[in-house]
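# how would this look folded up:
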Amino acid sequence: MGGPLRKDRTWLFADFERGYQQRGSLIQSPSVSFFDGISADYAALVRVDHKLDDRNSLTWRLNGNHFAGNDVNDRIAGFTQPSAGREAKTQAWGSQLSERFNRNGFLNELRLSFVDYFPDSAFPLASSVSVVRPNYSTTGYSTVNWVHVNSYDAGDTVAFAVGRQQIRFGGEFVRQTAKDYSYTPFGTYTFAPGPPLAGQPPVNYSQTFGTQNLAYDQTEFNAFFSDEIRLARGLTATVGLRYEYQSITDSRANLGPRLGLAWDVGGNGKTIIRAGGGVLYDQQFLYVTRRFFTSGANAPTQSFTIPYGAAGFPAFPNSLLVPPTGASAGKLNLYLPGKNIWNPYSLQFSVGVERALGHDFVISVDGQHSHTLRQPRVNDINHPTPVFRTAPGQVRSGAVADASRPFAVYLGVPVRDVAVIENSASSIYDALDFGVRKRLGPRFQLAAHYVLASSASYSMFYADANSGIPNEWNNWGSAERAPSDFYQRQRFSGNAYLHLPLKLDLGLAAIAASGLPVNPITGTDNNGDTYTVDRPIGLGRNSLRGPGQFNLDTSVSRRVRLHEALQAELRFETTNILNRNNYITVNNVFGEGPRQLTTFLNPIAGIANTDPSRQLRFAVRLLF
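Predicted coordinates for the structure are as follows:
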């Protein structure tokens, strides 16, 4: 609801929403079943706008939300059983005050805000020991955790015109403080992929000891300046400079210049050429800094991974009551920062031409190049001696691998994996975009784009210690250079609008694209380094590809006049009307080779592993 509190001076708007959802997620193994997930969320907003005078105005906003669910993103689905489920909760409330001053084209906007939020908290549905059988089943979960964050933000933007120039500059200051709690009473047994076999021993056992109750923070600051200059009739240049600072990195010279040009060649709007380039900086994950605290040499918790047969290995399915001891068992896995932590940055360049060929018919060609440097990846500086496999099925035990590691003790503690986060990865993306727009009177409109792209990277880092790990440690560089995880060589998108008889409006939107890369793995820790990313002989990272993707969305709407000043819009929409399965994640266990397993490339259930299936929506809007 909304309306004026004081005529022409003060306005109020308030909103409350509640959502409730029940959804069954498919468990495909070891037997087909469904888990009924339940989630509920609440959101509320209050906003007050007040006009101080003809030049100054204030806006104050207070909003909050709460969410709870026992199957977020289909956590219980595919191979994950209900015993591995958890209740997830998020909550936030915040307030913002902004002041705007506008006089003779001079605009200044000041913003102050505060947010208190729990971005993550989770509690086991039934705390128990975890048992992981890759591509077959995952049971048990016992971690209790929550993160509580306060965020303070202040920013200001100024804009004004001087002759042929439009000048903007401003800055923003952000301060974040976090409290972080976690406790895991039970451990995890990991077996070889596939169904259990009689007398089959686990591959390894891992457990985290201690209670984590941390406090950490970061400060961010950015400032920018841009100047849009009309150099001549039809020719405009935009120059800018941006500075980024993040306290958790060692980067102090994050200066990003930008330059853009727009040229109306004939001065009649028929041929437009645009070009631009710049340096853009990215932020370091605060989650990575968190892991330096939680998995460092002096962490409040200690995580151990014990290969089967090593001293201290527990009797399945028991958990250990105290940390393991002994030369083999009592070893920590460390997660450490490199000598320096840098902010990744991209060199981005683009050029495009747009040409109007006739009445309401436009074609365009755009090219883009992006080279991203200083991307993070994991380097285990205590990795075992590389293994040169020559035939399928060759496996080195964890104990033999441990004996070849360079460090038995590191930073004063016995170690196994010493994962160092370093900014040594990079990626390149190049693309050509061909577009067309056509309008045939008021009844038909069409737009389409075809993109031809190339994308390569050295690793896919998502903050965990086993992300971006190479197949083998003898070639940390070129052997891991491969297509990026979400690379699609070809992608077509199009949309059309058609005004039909009976005052019906039809909308269509279609996407057709190449399948996503698949990284084939053996499903076995062949070299004994504790990372299950070993690949079959002769196959590289992301060397195979999943099925192509296609999606078609439709909408039909009609407006009906109910009264002189009241209309109703009736609308029916479909998403993925053909109900095609567009898989994002598939079973990537190829096996030892040379022949692939029958389960390779099989889909994995869960909404996080596929684009949405067919959805139908009905809506009525009142317009007055």
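# For the closest residue to G69 other than its chain neighbours, give the beta-bridge partners.
Nearest non-adjacent residue to G69, counting by C-beta to C-beta, 6 or more residues apart in numbering: S39, 3.1 Å away. Where you see a C-beta, it was placed from the backbone N, CA and C, and this is true even at glycine. Here S39 sits in beta bridges with Q21, G69, going by DSSP bridges.
# Contact partners for S39?
Neighbouring residues of S39 by C-beta atoms under 8 Å, 6 or more residues apart in numbering: 19-21, 23, 67-72.
# can you give me the strands in the stretch 201-350 of the chain?
204-209, 211-232, 235-246, 254-264, 271-281, 302-307, 332-337, 345-358 (DSSP state E, counting those that start in this stretch).
# possible to save these as JSON lines with mean neighbour count?
Listed next are the strands of the stretch 201-350 of the chain as JSON lines, based on neighbours: other C-beta atoms under 10 Å:
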{"stretch": "strand 204-209", "mean neighbour count": "21"}
{"stretch": "strand 211-232", "mean neighbour count": "15"}
{"stretch": "strand 235-246", "mean neighbour count": "17"}
{"stretch": "strand 254-264", "mean neighbour count": "16"}
{"stretch": "strand 271-281", "mean neighbour count": "16"}
{"stretch": "strand 302-307", "mean neighbour count": "22"}
{"stretch": "strand 332-337", "mean neighbour count": "22"}
{"stretch": "strand 345-358", "mean neighbour count": "15"}
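# out of the contacts of S39, which are buried?
Among the contacts of S39, those scoring as buried are 67-72 (criterion: 16 or more other C-beta atoms under 10 Å).
# What is the burial count for the residue nearest to G494 when sequence neighbours are not counted?
Distances taken as C-beta to C-beta, 6+ apart place A448 nearest to G494, at 3.8 Å, with adjacent residues excluded. Residues near A448, counting by other C-beta atoms under 10 Å, number 15.
# cool, and P501?
5.
# again with V149
Based on other C-beta under 10 Å, the number of other residues close to V149 is 18.
# And V144, how far from N70?
Counting by C-beta to C-beta, to the nearest Å, the gap between V144 and N70 amounts to 15 Å.
# again, but for Q166
Taking C-beta to C-beta, one finds Q166 at 52 Å from N70.
# again, but for N581
25 Å.
# got it, and V115?
From V115 to N70 the distance is 26 Å (C-beta to C-beta).
# next one: T238
From T238 to N70 the distance is 50 Å (C-beta to C-beta).
# I'd guessed F221 sits against V174; true?
Yes - at 7.5 Å, F221 and V174 qualify as touching, with contact defined as C-beta atoms under 8 Å.
# any idea how far the helix or strand bottoming out on mean pLDDT in the chain is from the chain center?
Averaged element by element with mean pLDDT, DSSP states H and E, the chain has its least confident helix or strand at strand 302-307 (a mean of 86). In terms of C-alpha atoms, centre = their mean, to the nearest Å, the centre of strand 302-307 is found 29 Å from the chain centre.
# what does stretch 335-355 give?
16 Å.
# So what would you say the end-to-end distance of that stretch is?
54 Å (C-alpha to C-alpha, to the nearest Å).
# if I look at the residue lying closest to P324 once chain neighbours are set aside, how far off is I306?
Sequence neighbours aside, G312 is the residue nearest to P324 in space, at 3.4 Å (criterion: C-beta to C-beta, 6+ apart). Distance, G312 to I306, using C-beta to C-beta: 6 Å.
# Identify the contacts common to these two.
With C-beta under 8 Å, 6+ apart, G312 and I306 have common neighbours 324, 328-329.
# Take those and lay them out in a markdown table including neighbour count.
As requested, the shared contacts of G312 and I306 are exported to a markdown table (neighbours: other C-beta under 10 Å):
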| residue | neighbour count |
| --- | --- |
| P324 | 20 |
| S328 | 20 |
| A329 | 21 |
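# so where's the chain uncertain?
Confidence mapping of the chain against pLDDT under 70 gives the ranges 327.
# can you pull out the helices in it?
286-294, 398-403 (DSSP state H).
# Would you mind writing the CA trace of the longest one as CSV?
Yep, that's helix 286-294 we're talking about. The C-alpha trace of helix 286-294 is given here as CSV (Å, rounded to 0.1, in the frame of the first residue of the first chain):
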residue,chain,number,x,y,z
LEU,A,286,36.0,-13.2,1.6
TYR,A,287,35.2,-16.9,1.8
VAL,A,288,38.8,-17.6,0.9
THR,A,289,40.1,-15.5,3.7
ARG,A,290,37.7,-17.3,6.0
ARG,A,291,39.3,-20.6,5.0
PHE,A,292,42.8,-19.3,5.9
PHE,A,293,41.5,-18.9,9.4
THR,A,294,39.6,-22.2,9.5
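# Counting neighbours, which bits of it end up buried?
286, 288-294.
# ok, so of those, who is nearest L5?
L286 (40.1 Å; C-beta to C-beta).
# Bridge partners for L235, pull those for me.
Going by DSSP bridges, L235 forms beta bridges with A232, W263.
# My read is that it contacts G260, right?
No - using C-beta under 8 Å, L235 is not in contact with G260, being 11.8 Å away.
# count of neighbours near the nearest residue to L544 once chain neighbours are set aside?
Leaving aside its chain neighbours, L544 sits nearest to V518 (4.4 Å; criterion: C-beta to C-beta, 6+ apart). V518: 22 surrounding residues under other C-beta under 10 Å.
# who's in contact with the residue nearest to D417 when sequence neighbours are not counted?
Sequence neighbours aside, N333 is the residue nearest to D417 in space, at 4.3 Å (criterion: C-beta to C-beta, 6+ apart). Taking C-beta under 8 Å, 6+ apart, we find N333 in contact with 295, 303-305, 415-419, 465, 530.
# let's go with 6 Å and repeat that
303, 305, 416-417 (C-beta atoms under 6 Å, 6 or more residues apart in numbering).
# Let me have those in CSV, extended by distance to S455.
Formatted as CSV, these follow (distance: C-beta to C-beta, whole Å):
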residue, distance to S455
S303, 34
T305, 34
R416, 34
D417, 30
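# do you know how far the residue most central in space within the chain is from Y183?
Residue closest to the average C-alpha location in the chain (C-alpha atoms, centre = their mean): Y462, at 8.5 Å. To Y183, Y462 is 24 Å away according to C-beta to C-beta.
# what's around D53, how many residues?
Neighbours around D53, by other C-beta under 10 Å: 7.
# Can you read off the backbone torsions of it?
phi -160, psi -170 (degrees, to the nearest 10).
# Tell me the spacing between it and G3.
In terms of C-beta to C-beta, D53 sits 22 Å off from G3.
# ok, back up a step: A401: which of the buried ones among the contacts of S39 is nearest?
Among the buried ones among the contacts of S39, and counting by C-beta to C-beta, the member closest to A401 is V72, at 36.5 Å.
# ok so, going back, closest one to A92 out of the contacts of N333, please.
S303 (29.9 Å).
# Who are the contact partners of the nearest residue to the closest one once chain neighbours are set aside?
Distance criterion C-beta to C-beta, 6+ apart; nearest residue to S303, sequence neighbours excluded, is T208 at 4.6 Å. Contacts of T208 were listed using C-beta under 6 Å, 6+ apart, and they are 184, 301, 303.
# Could you save those residues as TSV and add columns showing distance to S493?
Below are the contacts of T208 laid out as TSV (distance: C-beta to C-beta, whole Å):
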residue	distance to S493
T184	44
T301	47
S303	44
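# Closest to A159 out of those residues?
T301 (49.6 Å).
# what's the nearest residue to that closest one if we skip its chain neighbours?
G210 is the one closest to T301 (C-beta to C-beta, 6+ apart), at 4.0 Å.
# A232 versus the one you found, what's the distance?
According to C-beta to C-beta, G210 stands 68 Å off from A232.
# what's the answer for I577, then?
I577 is 50 Å from A232, by C-beta to C-beta.
# swap in L320?
Counting by C-beta to C-beta, the gap from L320 to A232 is 76 Å.
# Likewise for P124?
With C-beta to C-beta as the criterion, P124 and A232 are 67 Å apart.
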